[in-house]
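Asker: sequence first, then the predicted structure, then my questions.
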Amino acid sequence: QVQLVESGGGLVQTGGSVRLSCVVSGRTFSTAAMAWFRQTPGKEREFVAASRGTTDRPDRTYYADSVKGRFTISRDNAQNTVILQMNNLKPEDTALYHCAARWGLASMKEDMYDYWGQGTQVTVSS
């Protein structure tokens, strides 16, 4: 049974930083494509960042244009953890952040991911 558990959200001021973590259990983490999505009330879930698994090209990452240069996705395969480092946060980054996993090629499309965490809230005050 695959489980994803996020942590690290909270309240931060504009320009601040937050580090989100997602621990994966139940299947070989290193071969999973991992991604972060975010959602605000009344809007569709939005792609944030993705990282390939070791069976693909693990050095390749993907970012939404809105977060390029501010957010960094990384992974610690020894700890079964994917991390989203979020810097220079803006009020529009306020959302519920979910990590997602699939054992296949990385994708920026929500419906390509099979497993999801429960989400962690990030609120950026102006």
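Answerer: That came through, no problem.

Asker: so who does residue 67 touch?
Answerer: Counting by CB atoms under 8 Å, 6 or more residues apart in numbering, residue 67 touches 48, 49, 86, 93. Heads up, the C-betas are built off the backbone N, CA and C, glycines and all.

Asker: what's the closest of those to residue 75?
Answerer: residue 49 (11.1 Å; CB to CB).

Asker: so how far is residue 42 from the nearest residue to the closest one once chain neighbours are set aside?
Answerer: Once flanking residues are discounted, residue 49 sits nearest to residue 73: 4.0 Å by CB to CB, 6 or more residues apart in numbering. Counting by CB to CB, to the nearest Å, the separation of residue 73 from residue 42 is 26 Å.

Asker: tally of neighbours for residue 49?
Answerer: Residues near residue 49, counting by other CB atoms under 10 Å, number 25.

Asker: how about the CA coordinates for stretch 109-126, as PDB?
Answerer: Extracted in PDB, the C-alpha atoms of stretch 109-126 (Å, rounded to 0.1, in the frame of the first residue of the first chain):
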ATOM      1  CA  LYS A 109      -0.500  16.500 -15.800                       C
ATOM      2  CA  GLU A 110      -2.500  15.800 -12.700                       C
ATOM      3  CA  ASP A 111      -4.300  12.800 -14.100                       C
ATOM      4  CA  MET A 112      -1.100  11.000 -14.800                       C
ATOM      5  CA  TYR A 113      -0.300  10.500 -11.100                       C
ATOM      6  CA  ASP A 114      -1.700   7.500  -9.200                       C
ATOM      7  CA  TYR A 115      -0.900   8.300  -5.600                       C
ATOM      8  CA  TRP A 116      -1.500  11.500  -3.600                       C
ATOM      9  CA  GLY A 117      -0.800  12.900  -0.200                       C
ATOM     10  CA  GLN A 118      -3.400  14.600   1.900                       C
ATOM     11  CA  GLY A 119      -1.800  18.000   1.400                       C
ATOM     12  CA  THR A 120      -0.200  20.700   3.600                       C
ATOM     13  CA  GLN A 121      -1.300  24.300   3.700                       C
ATOM     14  CA  VAL A 122       1.000  27.200   2.900                       C
ATOM     15  CA  THR A 123      -0.300  30.700   3.600                       C
ATOM     16  CA  VAL A 124       1.700  33.700   2.500                       C
ATOM     17  CA  SER A 125       0.700  37.000   4.200                       C
ATOM     18  CA  SER A 126       1.100  40.300   2.400                       C
END
